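*Asks:* sequence unavailable; structure follows:
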């Protein structure tokens with residue numbers, strides 16, 4: 001059945017490619033391409049798991065993915081095709097901004113890392129460097145009643161917003177041909193530092209979210225300047241996507257091996273073992289859930305998995321007393337443990353099978369409307385930045401639902417990104433006024 005899923009995913013991707021006329025920046029194409037890779041990963045690892053996925057699993061995934069594509073395509077009717085000018089920010093990020101951001105990033109590293117050291121010491125194991133500290137801190141937050149403080153969480157969210165905003169300015173300077181190489185280098189340096197700091201979240205979610213955001217920003221700029229106007233450039237964009245995918249794989253393996261120590265020395269697949277398990281286990285786990293629904297406890301409250309961010313906010317306000325956890329039940333496939341079940345687990349567990357049709361067309365419509373608004377109505381800075389902040393929920397659907405379950409995180413990041421963008425804009429104007437007075 002896994003090969004039927006691969007074939008169906010391939011046909012869906014081919015249909016999407018033809019329908020959107022090789023617009024590889026289209027969220028429908030990106031969404032289906034990731035699911036195809038996840039399906040292939042499941043096939044590569046299914047023999048070790050010793051579990052064959054069922055026809056029901058195949059039908060649900062293909063149907064849900066097709067509905068998502070329908071939502072994307074239907075949103076295009078809201079935005080008739082027309083050429084729109086690129087509204088560049090026209091903001092020169094001055095050295096004052098760079099210094100202030102570097103000071104903030106240094107403060108964030110010091111604050112968050114100090115807390116990770118404290119968490120790591122609670123394990124009782126010796127600490128031998130930053131990577132071991134991150135590994136032990138994650139162990140404590142995942143398996144015991146420990147958590148990163150609200151201050152550290154918000155510092156990481158601000159860091160995420162800093163990375164996206166500065167990578168936007170970097171892409172703008174690259175594609176517009178404005179500014180010098182030293183200026184571009186400073187912007188890229190900030191973006192890379194933010195990427196490194198994301199590892200202090202003790203997992204790969206922050207890092208993958210930033211990489212997804214950076215990739216979407218680059219793809220949007222390339223498409224606006226070249227591919228949308230001339231399909232000939234789409235081939236180059238496709239090769240760029242393959243390159244980004246390869247770099248993602250390399251970075252994923254490096255982080256899993258040297259930072260989080262997640263490599264099984266006994267595995268036949270070596271370094272690729274963790275990557276393939278990461279990409280393929282959610283489909284296998286989702287299939288297990290469908291076959292054994294009685295093994296999973298009933299929800300405490302309506303939509304507790306998908307709407308966990310909302311319930312968390314209500315609890316912080318004293319309006320709810322439900323103690324919900326973002327961690328799903330752990331299952332074991334011949335020694336391999338996993339607790340991720342794809343986006344479809346959330347919908348079925350919380351709202352039932354029919355909810356897939358409703359939720360996926362709404363999700364597709366959301367991403368499609370955002371995308372076509374940028375493509376056909378205005379390539380404006382804030383719109384592009386905010387869309388890039390939602391890149392992670394788009395590419396991680398094979399793994400888990402993160403659009404609604406991380407809603408408060410998205411809202412915070414959007415607010416921080418807007419403040420940072422206008423803060424940089426304000427400082428650039430202040431610098432201009434000071435110079436004018438001297439003259």
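*Replies:* In hand now; what should we look at? Remember, predicted model here, so these are calculated numbers, not experimental data.

*Asks:* got the buried residues for the longest helix along the chain?
*Replies:* Longest helix of the chain, by residue count under DSSP state H: helix 407-438. For helix 407-438, a neighbour-count test (16 or more other Cβ atoms under 10 Å) marks 407, 409-410, 412-414, 416-417, 420-421, 424-425, 427-428 as buried. For glycine as for every other residue, the C-beta is placed from the backbone atoms N, C-alpha and C.

*Asks:* which residue ranges form the strands in the stretch 301-439 of the chain?
*Replies:* 331-333, 336-338 (DSSP state E, counting those that start in this stretch).

*Asks:* mind putting these in a markdown table, mean neighbour count included?
*Replies:* Formatted as a markdown table, the strands of the stretch 301-439 of the chain follow (neighbours: other Cβ atoms under 10 Å):
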| stretch | mean neighbour count |
| --- | --- |
| strand 331-333 | 15 |
| strand 336-338 | 15 |
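
*Asks:* so which of those strands gets nearest residue 361?
*Replies:* Residue 361 lies closest, by Cβ to Cβ, to one member of the strands of the stretch 301-439 of the chain: strand 336-338, at 28.4 Å.

*Asks:* what's in contact with the closest one?
*Replies:* Residues outside strand 336-338 that contact it (Cβ atoms under 8 Å, 6 or more residues apart in numbering) are 48, 49, 277, 281, 282, 284, 285, 330, 331.

*Asks:* just the buried ones out of those, please.
*Replies:* Here the buried ones among the contacts of strand 336-338, as counted with 16+ other Cβ under 10 Å, turn out to be 48, 49, 277, 281, 282, 284, 285, 331.

*Asks:* before we move on, back to that, show me the contacts of strand 336-338 that map onto strands.
*Replies:* Judged by DSSP state E, the subset of the contacts of strand 336-338 located in strands is residue 331.

*Asks:* from the contacts of strand 336-338, which single one is nearest residue 340?
*Replies:* Nearest member of those to residue 340, counting by Cβ to Cβ, is residue 282, at 4.6 Å.

*Asks:* wait, doesn't the closest one sit right on residue 397?
*Replies:* No. Using Cβ atoms under 8 Å, residue 282 makes no contact with residue 397, being 9.5 Å away.

*Asks:* residue contacts, residue 360?
*Replies:* Counting by Cβ under 8 Å, 6+ apart, residue 360 touches 64, 65, 67, 68, 71, 347.

*Asks:* cool, and residue 238?
*Replies:* By Cβ under 8 Å, 6+ apart, the contact set of residue 238 is 22, 24.

*Asks:* thinking again about what came up before, so can I have a markdown table of the strands of the stretch 301-439 of the chain showing distance to residue 6 and mean pLDDT?
*Replies:* Below are the strands of the stretch 301-439 of the chain laid out as a markdown table (distance: least, Cβ to Cβ, whole Å; pLDDT from 0 to 100):
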| stretch | distance to residue 6 | mean pLDDT |
| --- | --- | --- |
| strand 331-333 | 19 | 82 |
| strand 336-338 | 20 | 81 |
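
*Asks:* any chance of those strands in CSV, plus distance to residue 297?
*Replies:* Output for the strands of the stretch 301-439 of the chain, formatted as CSV (distance: least, Cβ to Cβ, whole Å):
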stretch, distance to residue 297
strand 331-333, 14
strand 336-338, 18
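
*Asks:* mind checking which of the ones you listed is nearest residue 214?
*Replies:* Nearest of the strands of the stretch 301-439 of the chain (Cβ to Cβ): strand 336-338, 27.3 Å.
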